[in-house]
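# give me a model of this one.
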Amino acid sequence: MLSGAAVGRATLVDMAIRGRWMKWVIGAAVLVVLLAVAVPFSYIHFIEGKAPAPLGLKPGSGHSSASTSSPSGTASTSVSGQWRTSAGSVVGYRVNEVLVGQKNLAVGRTHQVTGRLAITGSTLTAATFTVPMASIHSDQSERDVQFDGRIMDVAAYPTGTFTLTRPIALDPVPAIGEVKTYPATGKLTLHGHTRAVTFTLSAKRTATSIEVSGSIPVLFADWDIPNPSFGSFVTTQNHGVLEFLLSFTRA
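Okay, here's the model as predicted:
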């Protein structure tokens with residue numbers, strides 16, 4: 001039989017072993033938590049990089065994220081006639097998401113846009129643009145797979161379309177380089193559903209083109225679009241934004 005001293009030593013050894021195991025378990029748990037935070041943080045901030053700025057117009061020549069208005073240039077030649085989309089046009093989406101506790105912004109875009117404007121005198125009487133949904137891509141292939149499949153089902157609903165339903169009075173026609181804003185009303189077709197939308201449209205005239213930009217809020221449920229969340233790994237808000245920056249030249 002073991003003496004009392006021997007039993008005591010065995011108990012101390014057992015307690016020491018248990019203590020070391022407990023430290024290992026706690027250390028491993030802390031490491032898992034740190035990795036769960038550090039990996040998505042590093043991915044978002046150092047690998048994926050900063051999301052593109054919102055589409056918009058700035059006074060003068062060229063495109064930028066600004067949409068403020070500042071007169072520039074001189075008054076106008078006639079803008080009456082037919083106009084069609086040209087190179088540089090872009091349409092896309094912006095959705096806020098949380099990737100394992102880290103806030104992120106998902107952005108997808110396409111330059112495959114077709115559209116037209118009809119202007120009579122100084123009134124925009126018709127406007128429309130269409131994009132092939134499968135052409136919209138983000139910086140992540142896995143996100144695009146989800147977008148093309150369970151979210152937008154581009155095989156069943158291959159196009160997205162906006163059509164203006166209420167004329168817009170442009171008078172006075174803006175000077176070249178000036179950005180002006182107008183209330184716009186139309187119908188947006190996504191995921192096989194068409195809904196009425198209202199938003200603010202920005203427009204600018206250059207010497208040879210008309211540039212138009214806008215952001216249309218999209219509540220996913222209104223178009224029967226499944227929430228983009230993917231389990232507990234990626235969660236998103238229940239809405240996003242369809243943004244566009246279109247350049248039109250005379251048809």
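# in the stretch 1-150 of the chain, which spans are strands?
Secondary structure of the stretch 1-150 of the chain (DSSP state E, counting those that start in this stretch): strands located at 81-85, 90-99, 102-110, 114-120, 123-132.
# closest one to Val234 among the ones you listed?
Among these, the nearest to Val234 by Cβ to Cβ is strand 90-99 (5.5 Å). (C-beta placed from N, C-alpha, C; glycine too.)
# what lines up beside that closest one in the sheet?
strand 102-110 (antiparallel), strand 234-236 (antiparallel), strand 239-250 (antiparallel) (DSSP bridges).
# chain center to it, what's the gap?
In terms of Cα atoms, centre = their mean, to the nearest Å, the centre of strand 90-99 is found 2 Å from the chain centre.
# let me see the mean pLDDT of that strand.
Mean pLDDT, computed over strand 90-99, is 92.
# then stretch 200-209?
Here the average pLDDT along stretch 200-209 is 95.
# next one: stretch 53-64
The pLDDT scores in stretch 53-64 average 77.
# re earlier: deepest-packed of the strands of the stretch 1-150 of the chain, please.
Most buried of the strands of the stretch 1-150 of the chain by mean neighbour count (mean count of other Cβ atoms under 10 Å) is strand 90-99; its value is a mean of 20.
# what does that one rub up against?
40, 43-44, 51, 54-55, 103-111, 113, 129, 131, 136, 160, 215, 218, 228-229, 233-237, 240-246 (Cβ atoms under 8 Å, 6 or more residues apart in numbering).
# what of stretch 218-234?
Outside stretch 218-234, the residues within contact range by Cβ under 8 Å, 6+ apart are 93, 95, 97-100, 106, 146-147, 150-152, 188, 190-193, 195, 235-236, 238-242.
# and with 6 Å instead?
Contact partners of stretch 218-234, identified using Cβ atoms under 6 Å, 6 or more residues apart in numbering, comprise 97, 99, 150-151, 190-191, 193, 195, 235-236, 238-240, 242.
# just the buried members of those?
97, 99, 151, 190-191, 235-236, 240, 242 (16 or more other Cβ atoms under 10 Å).
# export the residues you listed as a markdown table, with columns for distance to Arg84.
Output for the buried ones among the contacts of stretch 218-234, formatted as a markdown table (distance: Cβ to Cβ, whole Å):
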| residue | distance to Arg84 |
| --- | --- |
| Glu97 | 35 |
| Leu99 | 39 |
| Ile151 | 30 |
| Leu190 | 23 |
| His191 | 26 |
| Thr235 | 40 |
| Thr236 | 35 |
| Gly240 | 28 |
| Leu242 | 21 |
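# tell me the one of the residues you listed nearest Ser202?
Among the buried ones among the contacts of stretch 218-234, Leu242 lies closest to Ser202 (Cβ to Cβ), at 14.8 Å.
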